[in-house]
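Structure of the sequence below:
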Amino acid sequence: MALEKTFRVSSVEYDKPTKSNNIDWANCILCQEIIDEKLICPFDSKRLNVGAGYQSLADNIKKFHELRLMPEGINVCIENLDEGSGIAQSFIDQKACWHKSCNLKLNRTKLNRAEKRTSHERIDDKATTSKKKTRHSFSVQSTSNPSVCFFCNENGQEALHESSTFGQDTRVRECAVKLNDTLLLAKLSAGDLIAQEAKYHSKCLVSLYNRASRIEMKNDNVESKKESQIHGIAFSELVSYINETRSCNETISVYKLSDLCKLYTERITCLGADVSSRVNSTRLKHRIVSNFPNLDAYKQGLENILAFKNDIGPALKRVCLEDFDNEFVNISKAATFVRKDIFASNSEFKGTFPKGCQEASVPQSLLSLVKDVQGVVQTFDQSEPMLKCQSKRVSLLPESYSNLPPAVLRFSEPDIPLVEGELSIDMSSFPAALKGEFKWLNSCG
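Numbers count the residues shown, from 1 in each chain. Okay, the predicted model is just below:
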């Protein structure tokens, strides 16, 4: 007799996975899965506020639930976490634990990003619903395709990167202007790369930068070549100037480096080159010396002097023979010193001329200067000054000419008296006229 077998037919309907109503508190309360990751239990920590970790996690779970943005992998129902006294208190009572990776999905940073993303979506929805639609807005269609590269308009096998900085947009616009890429400029006229949500291949962006760099280098080479030619022309004219001045026998060729730099700079400016920066005088000196083998540079204080070896001797000789600068400087100093003593002298006229008033009114420095000019030398064994002149001996004036009594003028003009009869003057001769005037002066005295 054959053995009877019994079969049990189960339902073939597929039951959708639902979150379990019973929570295994010994396992991770967030994912309820057994993995190789270590469980973390804040209750076992030595901190005084053990419930702080539970409270922050409970608050984050509530907010994620309100936003309806519960992260993927969190397989627990929020209603089952509350045993009546609150989620945080239930965690403390049950000594809840979790995986670190699960807790990171619910941290404060992820919550802030979710809130920001939700607020932006609400603003965009409000803007789209309240925007007034016009015929122009209906006809405009976005030409940008987020699934293709912004530069090559192809998808390709490489990953697409989204533009996220304004600096990148600025540089792309500069490159488009340098390359005169009208197609790229037309795309950029619709807005910046961030607003268009432009995506690109890394190779396409680098290729754009490289092409713009090559164009810029080419333009710089042209400008630098033109500027170098102008500097060469100005230097050749400076060399010609040195040769012309040296060929003149009436002058000695001694040059100041500062003067040569000034001439060189002025000539460059006249030729149209940019002289925004100061000309390097040291480099210019080396260039000049290299073109003239017999030219040497001499340091004199802050100034560099350029001179030919054959002209050093004549230049020194001329300086020794015709050094008028120091002489006139000394004369100016002496005049300043004497003028200072004259203004400092305190001589006043009191109605009479006492003895020695003339000597007292003249400063000693002025007397000494006049004596030096006249050649008077005061020796130690002579009481009177001796007049010495290098070219001609001059005798001193008599004392009667130097000491004159003061004149007394009368208020009324006296009549001409008759001396020895009638005053007859022979005007035919000049000596007779002088004698007649002398007689009249004696009668007045």
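
Count the residues that sit near R246.
18 (other CB atoms under 10 Å). C-beta here means a position set from N, CA and C on the backbone, and glycine is covered the same way.

Once you drop chain neighbours, what's closest to it?
Distance criterion CB to CB, 6 or more residues apart in numbering; nearest residue to R246, sequence neighbours excluded, is S253 at 4.4 Å.

With N22 instead?
Nearest to N22 is N80, by CB to CB, 6+ apart, at 7.7 Å.

Ok, A96 next?
Per CB to CB, 6+ apart, closest to A96 is I29, 4.8 Å.

can you pull the contacts of that neighbour?
23, 76, 81, 91, 96-98 (CB atoms under 8 Å, 6 or more residues apart in numbering).

Next secondary structure after the helix or strand the residue nearest to N22 falls within?
Under the criterion of DSSP states H and E, N80 resides in helix 78-81. Downstream of helix 78-81, the first helix or strand assigned by DSSP H and E is helix 87-94.

Contacts for that following helix next, please.
So helix 87-94 is contacted by 25, 29, 43, 50-51, 54-55, 57-58, 61-62, 78, 81-85, 96 (CB under 8 Å, 6+ apart).

Helix or strand for the residue lying closest to R108 once chain neighbours are set aside, just tell me which one.
Distance criterion CB to CB, 6+ apart; nearest residue to R108, sequence neighbours excluded, is N60 at 6.9 Å. Assignment of secondary structure by DSSP H and E places N60 within helix 51-67.

Give me the distance from stretch 81-89 to the chain's centre.
Relative to its chain's centre, stretch 81-89 lies at 66 Å (CA atoms, centre = their mean, to the nearest Å).

Any idea how many residues pack against H120?
H120: 10 neighbours (other CB under 10 Å).

What separation is there between it and A114?
Using CB to CB, to the nearest Å, one gets 11 Å for the distance from H120 to A114.

Also G51?
25 Å.

any low-confidence regions in this structure?
Low-confidence segments of the chain, defined by pLDDT under 70: 1-21, 122-146, 220-223, 249-252, 276, 315-324, 375-431, 444-445.

so who does the spatially most central residue of it touch?
By CA atoms, centre = their mean, the chain has its centre lying nearest to S277, at 12.0 Å. If you count contacts by CB under 8 Å, 6+ apart, S277 has none.

Helices along the stretch 201-350 of the chain, start to end?
202-247, 257-271, 281-291, 312-321, 324-344 (DSSP state H, counting those that start in this stretch).

Single out the most deeply packed of those.
Counting by mean count of other CB atoms under 10 Å, helix 257-271 has the highest mean neighbour count of these, with a mean of 16.

distance between that helix and the chain's centre?
24 Å.

same thing with stretch 216-235?
That offset, for stretch 216-235, works out to 25 Å (CA atoms, centre = their mean).

Likewise for stretch 230-244?
Distance of stretch 230-244 from the chain centroid (CA atoms, centre = their mean) equals 32 Å.

mind checking how far the residue nearest to A96 is from I74?
According to CB to CB, I29 and I74 sit 10 Å apart.

Using CSV, write out every CA atom in stretch 218-238.
Written as CSV, here are the backbone C-alpha positions of stretch 218-238 (Å, rounded to 0.1, in the frame of the first residue of the first chain):
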residue,chain,number,x,y,z
LYS,A,218,51.0,84.5,-29.2
ASN,A,219,49.7,88.0,-28.6
ASP,A,220,52.3,88.5,-25.8
ASN,A,221,55.1,87.4,-28.1
VAL,A,222,54.1,89.9,-30.7
GLU,A,223,53.9,92.7,-28.2
SER,A,224,57.2,91.7,-26.5
LYS,A,225,58.9,91.6,-29.9
LYS,A,226,57.7,95.0,-30.8
GLU,A,227,58.8,96.4,-27.5
SER,A,228,62.2,94.8,-27.8
GLN,A,229,62.7,96.4,-31.2
ILE,A,230,61.9,99.9,-29.7
HIS,A,231,64.4,99.3,-26.9
GLY,A,232,67.0,98.3,-29.4
ILE,A,233,66.4,101.5,-31.5
ALA,A,234,66.6,103.7,-28.4
PHE,A,235,69.9,102.0,-27.3
SER,A,236,71.5,102.4,-30.7
GLU,A,237,70.7,106.1,-30.7
LEU,A,238,72.2,106.4,-27.2
